[in-house]
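Visitor: Pasted the sequence and its predicted model underneath.
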Amino acid sequence: MVKIRIQIFLLISTFIIVSCAQPQGTLPTYNQELSIEEQKIQNQLFADSWLKAYLNVSEVGLNILFNAVELCREEDQIYGIGVDIATRYDGPEQIRSELTKSLFLTDDITIVATGINTPARNAGLNRGDKIIKINDQTAPYGVNATSEFYKKIRDSKTKTHQILVKRNDQEILINVKAQKQCRFGFFVDLDNNTFNAFADGNFIALSLRMAKWLAQDEIGIPLVFAHELAHNAYHHIDDKKTNMQAGAGIGLLLDILARSQGVQTDFMNMGANMGAMSYSIDYENEADYLSIYALALSGYEIDDAANFWRRFAVEVPSSIYSKGGTHPSTSERYVRIEKTIEEVYDKINKEEAILPN
């Protein structure tokens, strides 16, 4: 019986294939090996596109993490020198070999970014420098080199570090004084379709598409990075989790009460969702407010910050009238940020500390 069904299926399939219209032209001979080589070329192009976006975010991010450190709580401050480093074992796995090629990475630590205004940049460390020694000790190398390096800087009792680097076949000794910075990490994912940025309490993340769009104007990456930093600095994510748990708890009590009457309900999940959404727009407004202070502390011109939301509205027109969701409308954000800019300039003119109220 099974054989008969298979024969019938094959017969029908053959009939369909023969009956279908076919291309009429004669195409050039296809070479599979050339296609595989072209895949490598395209993957390298994609890796370089990601790298350009990531380096833009890294230079800006390091700058803000150091210079807006006063916005972060004491427990969220660590010591650093402001270098983004890598070995051949780092980076997204899908493009790791391509990044190794583009950045000339080895087992040794290579500096890939130093921020705009950081201890490393001001001391003279450059992108491309290979770190050989730290305080007369051989620098970490291999699989865990980057995490070991950051730990050495973070935990060292000595805050001034002697760093020996190799640059263009020359060895250069540079003294760098570690300073406090916000502890949060950052990354750009490989998603070139989603238009998104978020903070999770420990990291600041941007999609590749978002990072590339933001790089079109000077204030784009700084403003969004500062906004997401504000979420982490003011522990908005922890607050949302607390609200979610509170909502779930109340919902559970309602479920227990309903089931005691023989009614099946799911108030627990409903309550959790309602709790997570509570004050969501208020948190976004606070992050917008704090972002202007972070930019001012980091040396950016804040005059154009409100206009960013007009450009965003053009890109995402549904955000112009958004109501009742998780984010305020772009029109509301524009008006609020204009007021915040006035507030910051008023403090600057009065020679007051540039800190939020």
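Guide: It's in.
Visitor: Buried residues, stretch 211-222. List them.
Guide: 211-214, 219-222 (16 or more other Cβ atoms under 10 Å). For the C-beta atoms, the positions are set from N, CA and C on the backbone; glycine is no exception.
Visitor: Ok, stretch 293-303 next?
Guide: Result for stretch 293-303 [16+ other Cβ under 10 Å]: buried residues 293-298, 300, 302.
Visitor: Let me know the closest of those residues to residue 96.
Guide: residue 298 (31.0 Å; Cβ to Cβ).
Visitor: Excluding chain neighbours, what is closest to that closest one?
Guide: residue 67 (4.0 Å; Cβ to Cβ, 6 or more residues apart in numbering).
Visitor: Around the one you found, count how many other residues there are.
Guide: 23 (other Cβ atoms under 10 Å).
Visitor: go on, residue 89?
Guide: For residue 89, using other Cβ under 10 Å, the count is 15.
Visitor: which residue packs closest to it, ignoring adjacent ones?
Guide: residue 143 (5.0 Å).
Visitor: quick one on the thing from earlier: and which of the buried residues of stretch 211-222 is nearest residue 147?
Guide: Looking across these and measuring by Cβ to Cβ, the closest to residue 147 is residue 211, at 23.7 Å.
Visitor: show me what contacts the closest one?
Guide: Residues near residue 211 by Cβ atoms under 8 Å, 6 or more residues apart in numbering: 53-54, 56-57, 188, 221.
Visitor: Low-confidence ranges, this protein, go.
Guide: 1-5, 7-21, 239-258, 261, 263, 265, 267-279, 324 (pLDDT under 70).
Visitor: Domains of it: list them as residue ranges, please.
Guide: 73-182, 185-349 (automatic domain parsing).
Visitor: Just tell me which of the ones you listed ends up closest to residue 38.
Guide: Nearest to residue 38, of the domains of the chain and by Cβ to Cβ, is domain 73-182 at 14.3 Å.
Visitor: So for the closest one, first residue to last residue, what's the gap.
Guide: In domain 73-182, first residue to last residue: 8 Å (Cα to Cα, to the nearest Å).
Visitor: when you give positions from now on, start the count at 836
Guide: In the new count, where the first residue is 836, that last one comes out as domain 908-1017.
Visitor: centre of the chain versus it, how much separation?
Guide: Put simply, domain 908-1017 sits 19 Å off its chain's centre (Cα atoms, centre = their mean, to the nearest Å).
Visitor: Kindly state the beta-bridge partners for the residue nearest the centre of the chain.
Guide: By Cα atoms, centre = their mean, the chain has its centre lying nearest to residue 1040, at 2.2 Å. Residue 1040 has these beta-bridge partners by DSSP bridges: residue 1022, residue 1033.
Visitor: what sits against it?
Guide: With Cβ under 8 Å, 6+ apart, residue 1040 has these contacts: 1021-1024, 1032-1034, 1063.
Visitor: can you check residue 944 too?
Guide: 920-922, 965-966, 974-976, 980-981, 984.
Visitor: Let me know how buried residue 925 is, in neighbour terms.
Guide: 19.
Visitor: Likewise for residue 1154?
Guide: 18.
Visitor: ok, the nearest residue to it once chain neighbours are set aside - contacts?
Guide: Once flanking residues are discounted, residue 1154 sits nearest to residue 1165: 4.6 Å by Cβ to Cβ, 6+ apart. By Cβ under 8 Å, 6+ apart, the residues touching residue 1165 are 1144-1145, 1147-1148, 1151, 1154-1155, 1157.
Visitor: repeat that for 10 Å
Guide: If you count contacts by Cβ atoms under 10 Å, 6 or more residues apart in numbering, residue 1165 has them with 1143-1157.
Visitor: Can you list which of those residues are found in helices?
Guide: 1143-1150 (DSSP state H).
Visitor: rewinding a little: in which helix or strand does the residue nearest to residue 924 reside?
Guide: For residue 978, there is no host helix or strand (DSSP states H and E).
Visitor: again, but for residue 955
Guide: helix 954-958.
Visitor: Walk me through which strands the next helix or strand after that helix pairs with, and which way each runs.
Guide: Remark: after helix 954-958, the chain's next helix or strand is strand 965-969, criterion DSSP H and E. Applying DSSP bridges to the sheet, strand 965-969 is found paired with strand 944-948 (antiparallel), strand 972-973 (antiparallel), strand 995-1002 (antiparallel).
Visitor: ok, residues contacting stretch 1179-1192?
Guide: 903, 905-906, 1065, 1069, 1121, 1124-1125, 1127-1132, 1137-1138, 1140, 1175, 1178.
Visitor: circling back: who wins for neighbours among the ones in helices among the contacts of residue 1165?
Guide: residue 1144 (24 neighbours).
Visitor: quick one: contacts for that one?
Guide: 1058, 1123, 1154-1155, 1163-1173.
Visitor: Quick one, which of the residues you listed are buried?
Guide: For the contacts of residue 1144, buried by 16+ other Cβ under 10 Å: 1058, 1123, 1154-1155, 1163-1165, 1167-1169, 1171-1172.
Visitor: for residue 889, phi and psi?
Guide: Phi and psi for residue 889, reported as degrees, to the nearest 10, are phi -60, psi -40.
Visitor: Go ahead and confirm it touches residue 1042.
Guide: No: assessed by Cβ atoms under 10 Å, residue 889 is found out of contact with residue 1042, at 11.8 Å.
Visitor: So for the two, which residue has more residues nearby?
Guide: Neighbour count, other Cβ under 10 Å: between residue 889 and residue 1042, residue 889 has more, with 24 against 20.
Visitor: residues near the nearest residue to that one once chain neighbours are set aside, how many?
Guide: Closest residue in space to residue 889, ignoring its immediate chain neighbours: residue 1023 at 4.6 Å, by Cβ to Cβ, 6+ apart. Other residues within reach of residue 1023, judged by other Cβ under 10 Å, total 25.
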